[in-house]
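**Student:** Next one to model:
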Amino acid sequence: MLIGILSDTHDHVDRLRNAIARFQQEKVDTVIHAGDLVAPFAVRALLEWNGPLHVVYGNNDGERRGLKSLLPQIEYGPILVNCGGLKINVDHYPPDDVHQPLDGADVLVYGHTHQIVNERREGVLHLNPGECCGWVTGTATIATLDTDTLRAEIIYLEP
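**Tutor:** Take a look at the predicted model:
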């Protein structure tokens, strides 16, 4: 199974649409968004994805009632997503920054820092796809995760 992972879209609708198009091109099965969509109007671009979608709130998601009305599945992190035989802890914040990860996770997915992380620590894959928006670093990135190989790939989006 292939999972598409993104975070920190920060209302950059064009980049969000590019990310969804890339996930469709890569034939991902499920999409995980690790927070900071920001405003409800940006959710419409995320909803162009028509498969399973898991989303957590980020610290910049201010209009939470509006987000929840469009994305009933959005939750406060951390959440545990079971995909392809893996337990994936999804939170906006890096582990131990604000929340402790949930027990038994094979993968920790998070955002918030806008910095790419793709490494194993004590047998657990830590994956921050960087920022989809490209506002802070100047580089827009997303990731895919192959649940069969437990290998993540960082994908650079075109400006």
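**Student:** Any buried residues in the lengthiest helix in the chain, and which?
**Tutor:** Ranked by number of residues, the top helix in the chain under DSSP state H is helix 13-26. Neighbour counts over helix 13-26 (16 or more other CB atoms under 10 Å) mark 13, 15-16, 18-20, 22-23 as buried. Using the backbone N, CA and C atoms, a C-beta is placed for each residue, glycine as well.
**Student:** Can you name the residues bridging to Ile88?
**Tutor:** Val81, Val107 (DSSP bridges).
**Student:** Which residues are in contact with it?
**Tutor:** By CB atoms under 8 Å, 6 or more residues apart in numbering, the residues touching Ile88 are 3, 32, 80-82, 105-109, 145.
**Student:** Most neighbours among those residues, please name it.
**Tutor:** Val109 (32 neighbours; other CB atoms under 10 Å).
**Student:** Can you give me the pLDDT of that one?
**Tutor:** Val109 carries a pLDDT value of 98.
**Student:** Next up, phi/psi of it, please.
**Tutor:** phi -110, psi 130 (degrees, to the nearest 10).
**Student:** could we number from 4 for the rest of this?
**Tutor:** Okay, residue one is now 4; in that scheme the one you just asked about reads as Val112.
**Student:** Helices of the chain, residue ranges please.
**Tutor:** Under DSSP H, the chain gives helices at 16-29, 43-49, 67-73.
**Student:** Tell me which of those helices approaches Arg123 most closely.
**Tutor:** helix 16-29 (22.4 Å; CB to CB).
**Student:** First-to-last residue distance for stretch 63-81?
**Tutor:** One end of stretch 63-81 sits 16 Å from the other (CA to CA, to the nearest Å).
**Student:** Only the buried residues of that stretch, if you could.
**Tutor:** For stretch 63-81, by 16+ other CB under 10 Å, it's 64, 70-71, 74, 77, 80-81.
**Student:** Can you name every helix or strand that the lowest-mean-pLDDT helix or strand in the chain contacts?
**Tutor:** Least confident helix or strand, the chain: helix 43-49 with a mean of 95, by mean pLDDT, DSSP states H and E. Helices and strands touching helix 43-49, by 3 or more CB pairs under 8 Å, 6 or more residues apart in numbering; DSSP states H and E, are helix 16-29, helix 67-73.
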